[in-house]
Structure formats: C-alpha cells, structure tokens
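Peer 1: Quick one, fold the following:
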Amino acid sequence: MYCQRQLGELSRYEDRINASGAQFFAISTDDFSGASYIPDRPEIKFPILFDASKETVAQYGILAGNLPHPSTFVIDADGIIRWKQVNENYTSRPPAETVLAQVEALGS
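Peer 2: The predicted structure follows:
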C-alpha cells in the first residue's frame, strides 16, 4: 500500500519527470499474479517490473530476509547511482518533491 501511494504521488509529476528526460519505474518482488492491484490504480503512470526471484533487489543490497527495504534510487544515464534513500521502516518513503529535485539536479 505504501509503495502504491508513493507511485501515485510520483505519477502526479509525470510532466516534469518527462521534461527532465528521466525514466521512472518500480520493481516489485511480488510475482505477477500477486499484482492484482494494478488495474485498480490507473493513477500509477510508471512501468512496474517484477522480480519475484529477488535477484535484482539483492544486487542493490536492499534485501532484508525475504523482503526488500523500501528504496528509491536516482540513477544517471551511465548507470551510476547519484542518490538513494533506503528505509528499514516500510512506511517511510521520500516525498515526491525530494525525488524530483534529485532527478532535476542531474540535468543541471
């Protein structure tokens, strides 16, 4: 639920995100059959990638047991992580304005 809320909040800034040249996506560790909420959330404008094997989240170092820590990354065009926020508290997410400021700073 918290990740869905964050994606909805970021989606409200779709025009600014697109203007910055950035691409947003989410990675879910649910399997695709567990993603029944997606059709009910048309405000989420970004692709959601599924990593049921948890290989990708493990490579980012955010896997805690069987679940990933909620994390937000800003990665530049060369694949370098320029900003990240990783939270052990599953309810804690960075505000969309904070993420957007980091994205727009890459274009400066």
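Peer 1: how many other residues sit next to P95?
Peer 2: Using other Cβ atoms under 10 Å, P95 has 11 other residues around it. Quick note: C-beta positions are derived from backbone N, CA and C, even for glycine.
Peer 1: Am I right that E97 sits in a helix?
Peer 2: Yes - applying DSSP: H, G, I helix; E, B strand; the rest coil, one finds E97 inside a helix.
Peer 1: quick one: it from I62, how far?
Peer 2: Distance, E97 to I62, using Cβ to Cβ, to the nearest Å: 23 Å.
Peer 1: More neighbours: which of those two?
Peer 2: The neighbour comparison of E97 against I62 (other Cβ under 10 Å) goes to I62, with 19 against 11.
Peer 1: Tell me the bridge partners for the residue nearest the centre of the chain.
Peer 2: Centroid-nearest residue in the chain, with Cα atoms, centre = their mean: A26, separated by 4.1 Å. A26 forms beta bridges with I48, as assigned by DSSP bridges.
Peer 1: Does it touch C3 like I think?
Peer 2: Yes - using Cβ atoms under 8 Å, A26 is in contact with C3, at 6.9 Å.
Peer 1: For this protein, which segments are assigned as strands?
Peer 2: Taking DSSP state E as the test, the strands found in the chain are 26-28, 48-50, 63-64, 67-68, 71-75, 81-86.
Peer 1: Make JSON lines from the ones you listed and add mean pLDDT and distance to V103 to it.
Peer 2: Converted to JSON lines, the strands of the chain look like this (pLDDT from 0 to 100; distance: least, Cβ to Cβ, whole Å):
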{"stretch": "strand 26-28", "mean pLDDT": "87", "distance to V103": "15"}
{"stretch": "strand 48-50", "mean pLDDT": "85", "distance to V103": "18"}
{"stretch": "strand 63-64", "mean pLDDT": "93", "distance to V103": "25"}
{"stretch": "strand 67-68", "mean pLDDT": "92", "distance to V103": "21"}
{"stretch": "strand 71-75", "mean pLDDT": "93", "distance to V103": "6"}
{"stretch": "strand 81-86", "mean pLDDT": "94", "distance to V103": "9"}
